[in-house]
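**Q** after the sequence you'll find the predicted model.
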Amino acid sequence: MNTINPKKLLNSKWTAVTPKNQEKHFIVTKVEYDEDGIVILCLIESVMSKQPYPINWQDLKNDNVWLHGWQ
């Protein structure tokens, strides 16, 4: 399980374990918080296609799907 501090999500780099559409490397480009500091929006962008995707930031904790950094 990946450990993630939600305050350090922005600009973090991730590798998809099973790439789709030849998109393997991603970077978190936008994170929004509510007034209590809870993440309400997280956008992850493919480095190859520059296509942004909304993601539940807690999904990044699953190391069967995501690896921290670019592998």
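**A** Looks like it arrived, so ask away.
**Q** hey, let's count contacts and neighbours off CA atoms from now on
**A** Will do.
**Q** give the contact list for Gly53.
**A** Slight slip there: residue 53 is Tyr, not Gly. 43-45 (CA atoms under 8 Å, 6 or more residues apart in numbering).
**Q** make that Glu35, sorry
**A** Glu35 neighbours (CA under 8 Å, 6+ apart): none.
**Q** wait, is it part of a strand?
**A** No - with DSSP: H, G, I helix; E, B strand; the rest coil as the criterion, Glu35 is assigned coil and is not in a strand.
**Q** could you measure from it over to Leu10?
**A** To Leu10, Glu35 is 18 Å away according to CA to CA, to the nearest Å.
**Q** just Phe26 next, same as before
**A** 12 Å.
**Q** neighbour count winner among the two?
**A** Remark: of Phe26 and Leu10, Phe26 carries more neighbours, 27 against 16, as counted by other CA atoms under 10 Å.
**Q** quick one: the strands in this protein?
**A** Using DSSP state E, the strands assigned to the chain run over residues 13-20, 23-33, 39-46, 52-54, 66-68.
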